[in-house]
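> Show me how the following folds:
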Amino acid sequence: MADYPRELNLDQDTQTRLVSYLETELLNHYSERDQWMQRILGWQKDYWAEPTTKRATFPFTGASTLVIPLTAVAVEAVHARTMTTLFALNQLVSAQARSTSWQDYARPVERFLDHELLKEMKIRRKLDSSILEIEKFGTGIGKVGYEKIVRTAVRTIGGVEQEYPVTIRDGAVVDSVAIGRFLMPFSATDPQTAPWCGEEHSRSPYEVMMMEQGGFFRKGTMTLMEQWIAATSQTSTGVERKFLQAQETLEGRKAIWPQLLDWCEVWMGFNVDGGQYDKEIVVHYHRPSRTLLSVRYNWHDDLHRPYRTGVYFPVEHRWTGIGICKQNEQFQKEITTQHRQRLDNATLANMRMIKISKLSGYKAGEPIFPGKMWFLDDMSHVDTVQLGEVYNSAFNNEQATLMYSQQRTGVNDTVLGQPATGTPGTATGDLARIQEGAKKFDYAYQNIKEFVQELITDSAVLIQQFGPRRIEYYDVAEGGSMVREFFDMPSEYIRHGLLIELIAAGQQQNKILDRQNWVQVATLLQQYYQGSIQLAQLMQDEELVQYIGQKGILAATEAMRQILESFDLRNVDRIILSEILKKTQGMVTQGAGSRGGPQRALPGGAGGSNGAGQAPGMDQLTALVQTLGGGGQQGVPQLQNGGGSF
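Residues are numbered from 1 along each chain as shown. Now for the predicted structure:
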């Protein structure tokens, strides 16, 4: 059984005030969101592109009913590009230390959060729906919470059945909240500062009973629900699942059984104790029966609310945005109309009928076949009738509308990977157009990236408060003790990035581009370290030469690690100079702190300086650096990769 925060014991007057406030606010919000919900349902129908009638009777029986899925084409292209860019590599979190004392902690924290978010919390699967709604409708909602599910198992041990608890889930969890279920006044701009915000829930009576037994709901909740169902013969008012039911109708899989119970989860500020200030509370409220299912204080250390909103293209001073469905709304209707007209016109143009004079002597049912001869007194007695004509301008008008759609959404033949129509341009011109066209996508992607980054920060804060899903990670994983020390810090240090700033790792396109970027960076690193060593040699400072060489090994090894990781190679530490890296890192750290003193010796063996500014044991390392540098150059290893060198 899960351990939930304690339930508040409210007196009758406070409960009455709370129910009255909730009822007023929810009634007003459902009234103001009705028109908005109708538009979202319309956009969803545009995306689904289902004909309203299977067989048309106007302008003639069998006319075209096709709907051109212009919105779906753009949405799916953008969504595939966004998800591939966001989750191109196994790294989702980038940690940047604020001070040198926390630099060694950054990489272990990155690996831990990547494991927790990608492997344990399955964040990619959970955020797929939210990001898709951001692109389709312009607004998406994400939520970070905590869950603990414990079930009882029965096993026969020594011939005796024994019960024991099994923890199924325990830790932070990321969820998508359907835009049709999210509740927040339109006058607000942020869930964290809104008077209240929340969402709608739907569960079967059995699940509600299990939640009551687990302590999530007040005792007697199921009894009250059963009495209300018996008195009203219904489980819902019909407004809570409006969006879900419309989607089920489009898919043809409308649920009939079991009947679900609907209630609202509301995070709000309310004076529950008659004090001077409002308290942050969490309320689960069954609106049809006006019943409080549970009331608790906000259990987060920093009193944040779990909801985060993301937009595709913003609307000034609003928390909702503009999506591709809105951008393509009129163009899809226009192209669908033009396409139907063109098909119907071609159908009529190819539909030849025969007109026969009554004086020709032929009657109804006259057989028609190739080579048939007609014996007529007058050549005008039998003739063909053509109902329509094919016009080339119809296709041109459709293409012009398509061009306007591409200009609004930014999804064109290049984005779709289709060959360009018309006369091909030069490679330079195509590249320039691609770069300019990518700016619109990059802007929308940055909005989505900020949305994901907020969820990553909330996840880290909850891990700090409740612990990771697998506490064993601290003991068995590399750098686990450093991760434990980081999460032992106060939550505000983590949320505001005072020690280590957590951001969503950025990938401009995909792994291929990442490899190309590293090839270019490798060349710059090589030139930098080789030039630094040459300057140190001109200064005739052997200790500085050794220090630069050691630092070069650190840089080369880290760069090589990231290059190999972009190729998804396994056992990277067995390929790179891991052992030398650990040894050199200590030399660089201690050597940097000793420069400027009378004893300018670097650690590397027993004893102190050898009198030449070089510590015992450094001869072999210096020779290794010179050998890896190639020729007479003292520097870093040479790496040939696609024309670049390291």
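> alpha carbons only for contacts and neighbour counts from here, please
OK.
> Please tell me how far the closest residue to Glu161 other than its chain neighbours sits from Ile168.
Of all residues not flanking Glu161 in the chain, Arg155 sits nearest, at 5.5 Å (CA to CA, 6 or more residues apart in numbering). Using CA to CA, to the nearest Å, Arg155 is found at 17 Å from Ile168.
> next one: Arg342
Counting by CA to CA, the separation of Arg342 from Ile168 is 58 Å.
> now swap in Asp190 and tell me
34 Å.
> Looking at these two, which one has more neighbours?
Regarding Asp190 and Ile168, a neighbour count based on other CA atoms under 10 Å identifies Asp190 as having more, with 18 against 10.
> Would you list the phi and psi of the more buried one?
Main-chain torsions, Asp190, degrees, to the nearest 10: phi -150, psi 130.
> Repeat that for Val177.
Dihedral angles of Val177 (phi, psi; degrees, to the nearest 10) stand at phi -110, psi 120.
> so what's it closest to, chain neighbours aside?
Of all residues not flanking Val177 in the chain, Ile141 sits nearest, at 5.3 Å (CA to CA, 6+ apart).
> Report the beta-bridge partners for that neighbour.
Val177, Thr309 (DSSP bridges).
> Tell me how far it lies from Ser129.
The gap separating Ile141 from Ser129 is 9 Å, by CA to CA.
> Show me the common contact partners of these two, please.
176, 178 (CA atoms under 8 Å, 6 or more residues apart in numbering).
> So between those two, which is more surrounded?
Taking other CA under 10 Å, Ile141 and Ser129 do not tie; Ile141 has more neighbours (23 against 17).
> which residue ranges form the strands in the stretch 351-500 of the chain?
Ranges of strands within the stretch 351-500 of the chain are 352-356, 382-386, 500-504, based on DSSP state E, counting those that start in this stretch.
> Now the first one: buried residues?
Counting neighbours by 16 or more other CA atoms under 10 Å, one finds that the buried residues in strand 352-356 are Ile356.
> Now do it and strand 382-386, the angle between them.
Put simply, strand 352-356 runs at 150 degrees to strand 382-386, going by axes from the mean of the first three to the mean of the last three CA atoms, to 10 degrees.
> Show me what strand 352-356 is packed up against.
With contacts taken as 3 or more CA pairs under 8 Å, 6 or more residues apart in numbering; DSSP states H and E, strand 352-356 sits against strand 382-386.
> what's the spacing between the strand it packs on and its chain's center?
61 Å (CA atoms, centre = their mean, to the nearest Å).
> low-scoring stretches of this structure, by residue?
For the chain, residues meeting the criterion pLDDT under 70 lie at 1-3, 234-240, 257-258, 420-427, 429-430, 506-514, 566, 568-570, 579-646.
> Which strands or helices does the host helix or strand of Asp128 pack on?
Using DSSP states H and E, Asp128 falls within helix 123-137. Secondary-structure packing of helix 123-137 (3+ CA pairs under 8 Å, 6+ apart): helix 34-48, helix 70-86, strand 139-157, strand 160-177, strand 307-311, helix 324-349.
> could you measure the spatially closest residue to Ala178 that is not a sequence neighbour against Thr457, distance?
Nearest non-adjacent residue to Ala178, counting by CA to CA, 6+ apart: Ile141, 6.8 Å away. According to CA to CA, Ile141 and Thr457 sit 15 Å apart.
> Now do the buried residues in the helix or strand where Cys197 lies.
Assigned by DSSP H and E, Cys197 falls within strand 196-203. In terms of neighbour count (16+ other CA under 10 Å), strand 196-203 has its buried residues at 196-202.
> Endpoint to endpoint, stretch 563-575 covers what distance?
From its first residue to its last, stretch 563-575 covers 12 Å (CA to CA).
> who does the helix of greatest length in the chain touch, helix- and strand-wise?
Ranked by residue count under DSSP state H, the longest helix found in the chain is helix 427-466. Where contact means 3+ CA pairs under 8 Å, 6+ apart, helix 427-466 is packed against strand 139-157, strand 160-177, strand 307-311, helix 491-495, strand 500-504.
> Now do it against strand 307-311, angle only.
Computed with the same axes, to 10 degrees, the direction of helix 427-466 lies at 170 degrees from that of strand 307-311.
> Distance from the chain centre to helix 427-466, please.
The chain centre lies 9 Å from the centre of helix 427-466; the measure is CA atoms, centre = their mean.
> Equivalent analysis for stretch 467-485, please.
With CA atoms, centre = their mean, you get 26 Å for stretch 467-485.
> Could you work out the end-to-end span of it for me?
12 Å.
> Please point out which parts of that stretch sit buried.
In stretch 467-485, counting by 16+ other CA under 10 Å, buried: 467-469, 473-474, 479-480, 482-484.
> go on, stretch 94-111?
94-97, 105-111.
> cool, stretch 115-130 as well?
Neighbour-count burial for stretch 115-130, counted by 16+ other CA under 10 Å, picks out 115-118, 120-121, 123-124, 126-127, 129-130.
> Could you tell me which residues make contact with the residue lying farthest from the centre of the chain?
Most distant from the centre of the chain: Asp377, at 77.9 Å, with distances by CA atoms, centre = their mean. Residues near Asp377 by CA under 8 Å, 6+ apart: Ser360.
> quick one: it from Ser360, how far?
Using CA to CA, Asp377 is found at 7 Å from Ser360.
> Skipping its backbone neighbours, what lies nearest Leu18 in space?
For Leu18, ignoring the flanking residues on the chain, the nearest one in space by CA to CA, 6+ apart is Phe270 at 7.8 Å.
> same check, this time on Gln338
In this structure, Gln338 finds its nearest non-sequential neighbour in Glu398, 6.2 Å apart by CA to CA, 6+ apart.
> And Asp278, by the same measure?
Nearest one to Asp278, counting by CA to CA, 6+ apart, is Asn271 at 4.2 Å.
> quick one: contacts for that neighbour?
By CA under 8 Å, 6+ apart, the contact set of Asn271 is 277-279.
> Sitting in strands, which of those residues do you find?
Lys279 (DSSP state E).
> closest to Ser532 among the contacts of Asn271?
Ser532 lies nearest to Lys279 out of those, by CA to CA, at 60.3 Å.
> That closest one reaches Val295, doesn't it?
No - using CA atoms under 8 Å, Lys279 makes no contact with Val295, being 11.7 Å away.
> So between these two, which is more surrounded?
Taking neighbours as other CA under 10 Å, Lys279 and Val295 compare with Val295 leading, 24 against 15.
> which SS state does that one fall under?
strand (DSSP: H, G, I helix; E, B strand; the rest coil).
> Report the separation between it and Asn9.
The gap separating Val295 from Asn9 is 8 Å, by CA to CA.
> What of Ala106?
Distance of Ala106 to Asn9, given as CA to CA: 44 Å.
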